[in-house]
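> Structure, please.
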Amino acid sequence: MYVVVRVKLEPSAEDAAALGATLHAVNKAANEVSRTAFAHGVKREYALRKLTYAGLKERGLGAQAAQHVIKKVCGAYAVLAGQIRSGFLRGERRRRAESKPIAFRPDAAHPFDDRCLSWQLHAWTVSIWTVHGRKRGIRFSCSGGDLEMLFAHRKGETDLVFRDGMWFLMATCEVPAPPVAEPNGFIGVDLGIANIATTSDGARHVGRGLNRHRRRQAALRAKLQAKRTRSARRLLRKRRRREARHARNINHRISKQVVAEAERTGRGIALEDLSGIRDRERSHRSQRAILHSWSFHQLAEFLEYKARRAGVALVRVNPAYTSRTCADCGHRERTNRVSQARFVCRSCGVVAHADLNASRNIARLGEAAWNAGRESRVPAASP
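Got it, this is the predicted structure:
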């Protein structure tokens, strides 16, 4: 499995200027390559290289840098095609995306391979190609665990990223994943907005604090945007992504706790598959901001990669009717869900928290899906 390690660069003023000029140069070249690909309808790497490689070399880019610019453009169009195939882009959004070439920001991240970037891990420095020549001895900082990961498993390309006035390297590490242990039951995880995650063991991670934080951040952004002053714009830049970082930290903590409990008890994790829920749900205008800021996909991704690293089985199940079905008797009725938090079975009379009841149903579906996957599909031998 692949793990991305982020390290912070500490370049001098001269080196930082060279890195900035490099990002601007390669992204300007990527925009030209993208326009060529769009105009000629060529999205494959070999065919696009024949059209653009010579021009990139004339611009002063090195051979490897030119190759990476072409690969970057082809990768962007491949992602766009995948989004269209999956239905993620449809209607007006799809029409707009297909009507013009893909554009890259001047400071968008750019990949470097081992020929363009080398690591001196013992010295905590890197050497990197720039448009102003090779820059050597640029210091970086990271945690001890991340440094050990780089020593043992770094492999492949590294992205150069400029964010909020700071420089980072996103290094790819290939870590061997342990074999998935045979689960002794499953922990069901119900995802929601009022409760970010509820497990079938009864653990409830409430979303009240996160939702309050989001409302406060939205109000502060609106207040600063209304001022239209230089200091207000400076504060807005300073506070960028603060809400996203806060939500990311909460999702990391929740996923770590769930995976640790599953690993401790020898169970697997059953997770509801909420793909496409934003397209399916018809919410009131006042609720749209809450629905679209719900980071369920990020939490699911964190659970998935943490479970893979721990050797814990994880299955995704269809969540249809799990909130209306009684986990005790199996009776399904719409009126069983009395309110957001209350579940009362009309058949057996059991009263439970609605999210806890749904997570128990998800755990049962996960176990059924796991057992169905283990069953042999080979027809029985004829007598």
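> Next, give phi and psi for Ala30.
Backbone dihedrals for Ala30, given as degrees, to the nearest 10, come out at phi -60, psi -40.
> Quick check: chain neighbours aside, which residue is closest to it?
Beyond its immediate neighbours in the sequence, the residue positioned closest to Ala30 (Cβ to Cβ, 6 or more residues apart in numbering) is Phe104, lying 4.7 Å away. Just so you know, the C-beta spots here come from the backbone N, C-alpha and C atoms, and that holds for glycine as well.
> cool, and Phe162?
Phe162's closest residue in space is Asp107 (Cβ to Cβ, 6+ apart), at 4.7 Å.
> for Asp159, what are its contacts?
By Cβ atoms under 8 Å, 6 or more residues apart in numbering, Asp159 lies in contact with Ala109, His110, Pro111, Phe112, Leu169, Met170.
> from these, which is closest to Ile70?
Distance to Ile70 across the contacts of Asp159 (Cβ to Cβ) is lowest for Pro111, with 11.5 Å.
> Surely Leu150 and Val4 touch.
No. With contacts defined as Cβ atoms under 8 Å, Leu150 does not count as touching Val4, sitting 11.3 Å away.
> So for these two, which residue has more residues nearby?
Leu150 (19 against 11; other Cβ atoms under 10 Å).
> Let me see the contact set for the more buried one.
Residues counted as contacts of Leu150 (Cβ under 8 Å, 6+ apart) are Val5, Val7, Trp119, Leu121, Cys142, Ala171, Cys173.
> And what about Ala47, helix, strand or coil?
Per DSSP: H, G, I helix; E, B strand; the rest coil, the secondary structure class of Ala47 is helix.
> where's it relative to Cys74, distance?
Plainly put, Ala47 is 10 Å away from Cys74 if you go by Cβ to Cβ, to the nearest Å.
> And for Arg136?
Arg136 sits at a distance of 31 Å from Cys74 (criterion: Cβ to Cβ).
> For those two, work out which one has more neighbours and name it.
Regarding Arg136 and Cys74, a neighbour count based on other Cβ under 10 Å identifies Cys74 as having more, with 21 against 12.
> my read is that one is in a helix, agree?
Yes. Under the criterion used here (three-state DSSP), Cys74 sits inside a helix.
> How much space separates the closest residue to it other than its chain neighbours from Glu157?
Leaving out its chain neighbours, the residue that sits closest to Cys74 by Cβ to Cβ, 6+ apart is Glu45, at 4.7 Å. Noted for Glu45: a distance of 15 Å to Glu157, by Cβ to Cβ.
> Ok, Leu235 next?
Distance check for Leu235 against Glu157: by Cβ to Cβ, it reads 36 Å.
> coming back round to it: can you give me every residue that contacts the residue nearest to Ala30?
Phe104 is in contact with Asn27, Ala30, Asn31, Ser34, Lys72, Ala76, counting by Cβ under 8 Å, 6+ apart.
> What is the burial count for Ile70?
Ile70: 22 surrounding residues under other Cβ under 10 Å.
> measure it to Ala47 for me?
Relative to Ala47, Ile70 is positioned 10 Å away (criterion: Cβ to Cβ).
> Could you do Ala171 as well?
When Cβ to Cβ is applied, the distance between Ala171 and Ala47 equals 31 Å.
> the more surrounded of those two?
Relative neighbour count places Ala171 above the other of Ala171 and Ala47, with 26 against 14, counting by other Cβ under 10 Å.
> who does that one bridge with?
Partner residues in beta bridges with Ala171, using DSSP bridges, are Val5, Thr158.
> what residues are up against it?
Ala171 is in contact with Val4, Val5, Arg6, Val7, Leu150, Arg154, Thr158, counting by Cβ under 8 Å, 6+ apart.
> of those, buried ones?
Neighbour counting by 16 or more other Cβ atoms under 10 Å classes Val5, Val7, Leu150, Arg154, Thr158 among the contacts of Ala171 as buried.
> Need these in a markdown table (columns: distance to Asp273 and pLDDT).
Below are the buried ones among the contacts of Ala171 laid out as a markdown table (distance: Cβ to Cβ, whole Å; pLDDT from 0 to 100):
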| residue | distance to Asp273 | pLDDT |
| --- | --- | --- |
| Val5 | 29 | 92 |
| Val7 | 34 | 95 |
| Leu150 | 34 | 93 |
| Arg154 | 33 | 91 |
| Thr158 | 33 | 94 |
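> Find the pair from the contacts of Ala171 with maximum spatial separation.
Maximum pairwise distance in these, criterion Cβ to Cβ, is 12.6 Å, between Arg6 and Arg154.
> can you give me the strands for this structure?
Defined through DSSP state E, the strands belonging to the chain, from first to last, are 2-10, 110-112, 117-120, 125-128, 135-141, 154-163, 166-174, 186-191, 195-199, 204-206, 268-272, 314-317, 342-344, 351-353.
> Out of those strands, the one nearest Thr52 is which?
Set against Thr52 and scored by Cβ to Cβ, the strands of the chain come closest in strand 110-112, at 16.2 Å.
> Give me the mean pLDDT for the closest one.
Taken as a whole, strand 110-112 has a mean pLDDT of 94.
> what residues are up against Ala30?
Ala30 makes contact with Val69, Lys72, Val73, Phe104, Ala108 under the criterion Cβ under 8 Å, 6+ apart.
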